[in-house]
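Q: 3D model of this:
(one chain, ligands or ions: 1)
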Amino acid sequence: MVPCSVTAPSSSFVAAIIPRHTFFSRPYSLPLRFSRASPVNSLSNGSSSQSNHQLFSSSDPPQPRTLFPGGYKRPELKVPTLVLQLDSDEVLAADNQAFALIDKAVSKWVGIVLLSSNEPSGGKLYEAACSLKSLLQDRAYLLVAERVDIAAAAAASGVLLSDQGLPTVVARSTMLDSKSELVVLPLVARIVHTVDAAINASKSEGADFLIYGGGDLQLVGREVGSVRESVKIPIFVSCGKDNLSYADMSGLLALGASGFVTSLTNFGRYGDEFLHKVFGSVYASNDDGNVSEIELNDNGFQSGTEIVAGFVKLEDREKQLIETERLVLNEAVEVIKKAAPLMEEVSLLNDAVSQIDEPFLLVIVGEFNSGKSTVINALLGERYLKEGVVPTTNEITFLRYNDLDIGQQRCERHPDGQYICYLPAPILKEMTIVDTPGTNVILQRQQRLTEEFVPRADLLLFVISADRPLTGSEIAFLRYSQQWKKKAVFVLNKADIYQNNQELEEAMSFIKDNIQRLLNTENVILYPVSARSALESKLIATSNVGKRNEELSTSDSQYGANSFFELENFLYSFLDGSTIPGMDRMRLKLETPVSIADRLISACETLVTQDYRYAKQDLAAVKDIVNSVNDFALNMEIESLSWRRQTVSLIETTKSRIVELAETNLQLANFDIIASYAFKGEKNAMPTTSKIQNDIIGPAVSAVQKILQEYEDWLYSKYTLQGRLYKDSFEKRWPSLRHESNQMNFETNQLQKKVDQAGSRVIANFSSSAVSKAFEQEVREMIVGTLGQLGVAGLSASLLTSVLQTTLEDLLALGICSAGGYIAISTFPGRRQRVIDKVKRKADNLAYELEEAMKKDLTEAIESLNTFVKVLSEPYHDEAQNRLNNLVQIQEELSNVEKKLRTLQIDIQNLHVS
Ligand SMILES: Nc1nc2c(ncn2[C@@H]2O[C@H](COP(=O)(O)OP(=O)(O)OP(=O)(O)O)[C@@H](O)[C@H]2O)c(=O)[nH]1
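A: Okay, the predicted model is just below:
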């Protein structure tokens with residue numbers, strides 16, 4: 001199967017000139033996820049994970065993906081939204097217009113795209129999924145119907161299962177197994193047709209959302225309405241009707257539907273205005289997303305009472321501290337955003353800061369089926385939450401106070417995914433209770449939900465079931481919650497199952513001992529309770545609903561009901577600010593955001609230190625590239641030697657041949673011939689010189705020209721190739737800066753034109769005829785010089801002319817007859833030697849000039865390359881340097897905020913110390 005996206009391999013040369021592990025920035029948008037498989041952020045080209053080269057050197061230790069042990073991010077679904085249903089044939093046959101419509105759909109109204117196929121073989125489905133995936137980007141989730149394998153291969157967001165399809169857990173874990181680099185949990189949705197199937201899919205199966213398919217619209221509406229209370233995940237309605245009217249849609253939304261499934265054709269028929277009207281009406285009064293702003297603030301305090309940070313009657317000192325805390329936390333948020341702009345976990349801190357003014361958050365955690373819902377019901381005094389032997393809580397549920405009639409509740413799903421129930425239970429006036437899904441590795445999504453919520457808790461009520469006290473996963477979860485420095489109160493629930501007190505004592509001490517060891521504290525608060533009995537007692541005394549157990553006149557027949565009172569009493573003591581637990585509560589409340597900030601800041605510090613290291617490596621890598629031109633130059637210098645040697649040796653051979661020729665021909669025996677040519681004038685070339693010109697210098701010049709041409713070609717190809725490789729290596733390593741450097745093309749670059757081919761110029765200026773002429777001239781001068789001496793000996797010019805027509809013997813005789821003539825002739829070898837020396841000098845000069853010119857060409861080529869690489873490296877160098885400077889500054893800011901947080905922590909601890 002061809003992968004959806006293919007990344008080009010990097011050239012081997014590039015690998016040779018840059019250390020492979022040094023890059024500008026860590027990839028991907030998930031700095032906190034420490035993922036090795038992430039797309040680059042600040043210098044990112046936005047391409048997918050591994051495409052941007054390996055980020056860490058192989059010696060780096062593996063890092064956890066996120067701060068959350070569950071490891072995966074939970075996909076968030078904004079509702080209401082439309083679900084666009086497409087068929088693979090439809091996608092593959094889509095024209096530009098159809099793609100434009102899909103593009104428009106996902107840019108605004110459609111949050112989920114479902115892709116199905118009627119064909120049993122997966123080829124088309126896969127192809128369609130790939131093309132959709134690249135079109136959607138991250139704007140909408142892409143789910144493939146039934147085919148987990150294809151969803152995984154096409155990197156889709158998840159699968160849609162029919163009611164006969166795979167179990168949700170299997171589908172999810174298959175997708176997870178097939179994509180080890182996934183950081184977001186895959187979405188698993190299910191099509192249901194009945195109320196029971198909807199409840200089952202959402203509760204026991206842990207589906208992420210449902211598609212409620214049915215025939216009759218009214219029936220579907222009624223059924224969706226009826227499961228609204230028990231199914232907390234989004235339900236999208238799919239009905240046979242072609243076009244839903246405004247009344248249909250708004251009616252279904254009002255009944256609790258989260259949106260509708262639509263075909264592309266139908267989507268094309270709905271206009272923006274229509275959809276705006278439909279979806280706008282749902283939250284018309286709450287455009288800011290604060291669905292129940294009034295209720296959220298309606299936390300039970302008397303109207304007119306000044307409330308700060310969820311507390312009343314605060315002293316000035318306390319108010320001041322809260323204000324200081326807010327300032328420091330906001331500062332922390334800013335620094336975190338700067339240090340790790342894509343750290344999604346900063347939302348935890350934002351939430352915590354905004355929560356400073358909200359009631360105390362008591363978060364109930366524990367393994368599934370440990371009795372959390374029953375404990376909460378017992379606290380509320382009414383069976384508000386569903387209880388059951390199979391996992392019943394799939395969403396985080398906020399329980400907030402509202403002045404409804406006893407037994408009544410109103411629940412709603414916030415657009416940001418929070419599920420909020422408003423109840424009239426008195427305890428909620430003082431604190432918001434949060435029910436969380438049971439922690440258990442099998443239920444990954446639920447586990448992650450709870451993990452994400454832990455940092456926000458002011459106090460954790462850890463429910464342990466008596467039938468399996470302290471399991472391995474409970475210990476892991478406890479350890480995790482301690483990373484956030486959360487205070488936890490432990491409840492040993494279902495204590496009624498013990499036969500006697502001794503069994504209870506044994507279980508208690510086993511749990512206490514282990515927790516003490518685990519948390520390294522003596523101070524473990526553990527309440528053995530029977531939430532079921534406590535609830536039943538409260539329900540029996542219905543008239544006393546809302547009162548504490550201590551006020552109930554139960555017969556205490558049910559074991560554990562009384563001990564529940566102690567727990568309740570402990571929690572109520574939190575409400576009284578004048579008591580020690582009350583002060584504790586305030587400290588806990590104020591410490592919650594500080595500990596979140598603390599954790600995030602230290603995560604940022606790790607990242608920034610890492611980034612600092614990478615930026616330094618990047619800077620060094622840039623310098624290495626620039627410096628590597630020196631190595632290249634050295635190699636070129638070595639290689640160019642052979643070219644120069646070739647040229648010089650050619651000239652040397654030529655020189656030797658000329659010298660040999662001169663020595664052979666410029667003999668005294670030939671003097672007459674030479675002299676006759678010398679006196680015939682320049683128009684008649686001497687045979688020697690014409691031989692020199694035609695047979696020796698001419699071919700030699702051509703040979704030198706050829707070598708020089710080859711040399712220059714070699715030089716050109718070498719350094720242009722090198723220039724291109726440098727450019728490629730920069731661009732491949734740091735693709736995001738490509739746009740700036742790709743303007744510089746080495747072949748056409750001005751910097752490159754400086755190499756002027758000096759070698760060729762030298763040889764071009766060297767004319768073989770001019771050289772032979774010069775040689776001839778030298779010979780002439782030699783003759784005239786020799787005969788001039790004779791003239792001195794008394795020869796007249798006319799005689800000389802006639803003499804020169806005579807034979808050598810005559811000449812010799814003449815020379816011999818005249819002492820002066822003899823002397824003149826005797827200077828001939830010396831003069832000839834001078835001619836030869838001149839020839840040698842000329843040749844040596846030429847060789848020297850050529851060598852120098854060739855060196856000059858090389859130097860210029862290297863200089864040109866050097867300049868090019870320097871100019872090319874500048875943006876990369878500047879980027880790395882700026883990053884480095886920026887990181888130093890961020891490090892400083894982080895450490896400043898950290899100091900402020902430390903001081904704040906001390907102030908919070910000392911808040912009530914006078
Ligand atoms: N014997 C006994 N059973 C209890 C007690 N409290 C709860 N149960 C039972 O334990 C089962 C699970 O209770 P829930 O309250 O639904 O447990 P939970 O922890 O909320 O479960 P999830 O929401 O699925 O995580 C139910 O059958 C309860 O009736 C108790 O004190 N004693």
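Q: OK, contacts around residue 380?
A: 399, 423, 425, 427, 428, 433 (C-beta atoms under 8 Å, 6 or more residues apart in numbering). C-betas here are computed from N, CA, C, even on glycine.
Q: so who does residue 231 touch?
A: Per C-beta under 8 Å, 6+ apart, neighbours of residue 231: 198, 199, 202, 203, 210.
Q: which of the residues you listed fall in helices?
A: Per DSSP state H, helices hold the following members of those: 198, 199, 202, 203.
Q: just put these in a markdown table and tack on pLDDT, neighbour count and distance to residue 83.
A: A markdown table is the format used below for these (pLDDT from 0 to 100; neighbours: other C-beta atoms under 10 Å; distance: C-beta to C-beta, whole Å):
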| residue | pLDDT | neighbour count | distance to residue 83 |
| --- | --- | --- | --- |
| 198 | 86 | 25 | 16 |
| 199 | 83 | 18 | 21 |
| 202 | 77 | 25 | 17 |
| 203 | 70 | 20 | 22 |
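Q: how many residues are close by residue 137?
A: By other C-beta atoms under 10 Å, 10 other residues sit near residue 137.
Q: before we move on, what SS does the closest residue to residue 178 other than its chain neighbours have?
A: Distances taken as C-beta to C-beta, 6 or more residues apart in numbering place residue 152 nearest to residue 178, at 3.9 Å, with adjacent residues excluded. Using DSSP: H, G, I helix; E, B strand; the rest coil, the structure places residue 152 in helix.
Q: from what I can see residue 152 touches residue 171, true?
A: No. Contact criterion C-beta atoms under 8 Å: residue 152 and residue 171 do not qualify, at 9.9 Å.
Q: these two: which has the busier surroundings?
A: residue 171 (26 against 21).
Q: which helix or strand contains that one?
A: Secondary structure assigned from DSSP states H and E places residue 171 in helix 168-178.
Q: listing partners with orientation, what would you give for the helix or strand just after that helix?
A: Once helix 168-178 ends, the next helix or strand along the chain (criterion: DSSP H and E) is strand 187-192. In the sheet, strand 187-192 lines up against strand 158-161 (parallel), strand 209-214 (parallel) (DSSP bridges).
Q: quick check: the residue of the stretch 151-300 of the chain found nearest the ligand vs residue 75, distance?
A: Closest residue of the stretch 151-300 of the chain to the ligand, C-beta to the nearest ligand atom: residue 203 (8.1 Å). For residue 203, the distance to residue 75 equals 19 Å [C-beta to C-beta, to the nearest Å].
Q: could you say which helix or strand holds the closest residue to the ligand within the stretch 501-650 of the chain?
A: At 3.5 Å from the ligand, residue 532 is the closest residue in the stretch 501-650 of the chain, using C-beta to the nearest ligand atom. Here residue 532 sits within helix 531-540, counting by DSSP H and E.
Q: what of residue 700?
A: helix 698-733.
Q: packing partners of that helix?
A: The contact analysis (3 or more C-beta pairs under 8 Å, 6 or more residues apart in numbering; DSSP states H and E) places helix 698-733 against helix 12-17, helix 580-665, helix 738-741, helix 758-765, helix 768-792, helix 828-909.
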